[in-house]
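Trainee: I'll drop the sequence and a predicted model, then ask my questions.
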Amino acid sequence: MGESMEPELHVATIEAIAPRTLHAIVKLRCDVFVVEQQCVYPELDGLDDQPTTRHLWITEAGQANRVLSYLRILQPETGGTWIGRIVTRPDQRRTGQGSRLVRTALGLLDDELVPEVHLNAQVYAAPWYEGFGFEACGAVFVEDGISHVPMRRFMPTTA
């Protein structure tokens, strides 16, 4: 009998991502955001290759190009820290992979003493983000035909 292997979590800048894995990440983002959600928008927005952008993704054990879930952390020159492009393959939803990524990202940012983290949540997903300590911090807005709400999370402080 074979052992069940835990999906593998990865954290890297774009330079450290193998080309086929990067292709799998972008394909997942396009499959969900552009095709499934029917949003035509600039998926390759020039932020993935910024020096401060970190990519977090989960793959099937031993399958580097089988991306199950993904998110990116942005720390643009304009300021702030953002989590975005949070996506999970349809057949992997409700398996905990997205939650694992968000917890990992928040743990990294907490270790770096980042004071607060922002994201723009699709309205239906706002309660899920509230489970991680995010709260709405502005009015609902429509982006690419989908209602979003700005959210933020104040990170724990150490005394």
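Mentor: All right, it came through fine.
Trainee: what packs against the longest strand along the chain?
Mentor: Secondary structure of the chain per DSSP state E: the longest strand is strand 63-74. Other elements packing on strand 63-74 under the criterion 3 or more CB pairs under 8 Å, 6 or more residues apart in numbering; DSSP states H and E are helix 19-29, strand 54-60, strand 82-88, helix 97-111. All C-beta atoms are positioned from the backbone trio N, CA, C, and that covers glycine.
Trainee: those: which one's closest to residue 75?
Mentor: Distance to residue 75, taken as CB to CB, is lowest for strand 82-88 among the helices and strands packed on strand 63-74, at 7.6 Å.
Trainee: roughly how far is that closest one from the heart of the chain?
Mentor: 2 Å (CA atoms, centre = their mean, to the nearest Å).
Trainee: packing partners for that strand?
Mentor: Strand 82-88 sits against helix 19-29, strand 63-74, helix 97-111, strand 116-122, with contacts defined as 3+ CB pairs under 8 Å, 6+ apart.
Trainee: return the set of buried residues in the second one.
Mentor: By that I understand strand 63-74. The neighbour-count check on strand 63-74 (16 or more other CB atoms under 10 Å) flags 66-74 as buried.
Trainee: could those go into CSV alongside distance to residue 11 and pLDDT?
Mentor: Formatted as CSV, these follow (distance: CB to CB, whole Å; pLDDT from 0 to 100):
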residue, distance to residue 11, pLDDT
66, 17, 90
67, 14, 94
68, 15, 95
69, 13, 95
70, 11, 95
71, 10, 97
72, 10, 96
73, 9, 97
74, 14, 95
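Trainee: endpoint to endpoint, stretch 32-49 covers what distance?
Mentor: 21 Å (CA to CA, to the nearest Å).
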